[in-house]
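Participant: just to be clear, the model below is a prediction. Sequence and coordinates:
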Amino acid sequence: MSPMKRCGRWVLKFGPLIARKLRQGRPRPSARWHLDEMVVRIAGKRMYLWRAVDHEGEVLDMLVQRRRDTQAALRLMRKLLKKQGFAPKLLVTDKLGSYGSAFRQLRLSCPHDRGLRKNNRAENSHQVVRRRERKMQRFKSARSAQRFLSIHSAVHNTFNHQRHLVSRSTLRIFRAKAAAQWQDAVAVA
């Protein structure tokens, strides 16, 4: 068996466990959520990757779906509320009508801010996915994309520090903590 196949099997076996341990060690995200969707081609078909990030850029959740309608937005928002365990204080989206409809169906009490450029935090978080998509030469199936991206987001959240906001000494401390957290997660797997 080639080393690449062994590596892929290792990731499939231990990746979800490591991602779960990394998520458990993360602090609670902020209460301002940005939701957005992007088009990805999977096996020649157009699919939508729905993403939710907090205002600091941490990926909260993502969902690969075939459609871009109210039911898809509702599914993302329900999954997000269940996973986070609390409702946001502010929800920021683009002008897609599906978000407003899903927001009304869930009867959320927080303000819903909609605008063309207000959602740049979520738009910028797509860049990481686009880079991975190019390196992997596209995703092969919706299931493998969902699995890979959920693991990737947990690891990315652990090691992504807003470099321009912290001093060099503080960054060293953050990186040491992230490396220790990674070692603990790998040791459990």
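Facilitator: Arrived safely. Numbering: from 1, shown residues only.
Participant: tell me which element the residue nearest to Ala185 when sequence neighbours are not counted is part of?
Facilitator: Excluding the flanking residues, the one nearest Ala185 by CB to CB, 6 or more residues apart in numbering is Lys21, at 3.8 Å. For every residue, glycine as well, the C-beta is placed using N, CA and C. For Lys21, the element it lies in under DSSP states H and E is helix 3-24.
Participant: for the next helix or strand after that helix, name the packing helices and strands.
Facilitator: For helix 3-24, the following helix or strand on the C-terminal side (DSSP H and E) is strand 32-42. The contact analysis (3 or more CB pairs under 8 Å, 6 or more residues apart in numbering; DSSP states H and E) places strand 32-42 against strand 45-54, strand 59-65, helix 70-84, strand 90-93, helix 120-135, helix 142-159.
Participant: try 7 Å
Facilitator: Under the contact definition 3 or more CB pairs under 7 Å, 6 or more residues apart in numbering; DSSP states H and E, strand 32-42 sits against strand 45-54, strand 90-93, helix 120-135, helix 142-159.
Participant: and whichever helix or strand comes after the second one, what's buried?
Facilitator: Along the chain past strand 90-93, the next helix or strand (assigned with DSSP H and E) turns out to be helix 97-106. Taking 16 or more other CB atoms under 10 Å as the basis for neighbour counts, the residues of helix 97-106 that come out buried are 98-99, 102-103.
Participant: please apply the same query to stretch 83-97.
Facilitator: When burial is assessed from 16+ other CB under 10 Å, stretch 83-97 yields the following buried residues: 84, 88, 91-94, 96.
Participant: go on, stretch 42-62?
Facilitator: Using 16+ other CB under 10 Å as the burial criterion, the residues of stretch 42-62 that qualify are 42, 47-55, 57-62.
Participant: quick check: the farthest pair among these?
Facilitator: Using CB to CB, the buried residues of stretch 42-62 reach their maximum pairwise distance at Ile42 and His55, which is 29.2 Å.
Participant: quick one, what contacts the spatially closest residue to His55 that is not a sequence neighbour?
Facilitator: Setting aside the residues directly before and after it, His55 is nearest to Arg32 in space (CB to CB, 6+ apart), at 4.0 Å. Counting by CB atoms under 7 Å, 6 or more residues apart in numbering, Arg32 touches 54-55, 88-90, 92.
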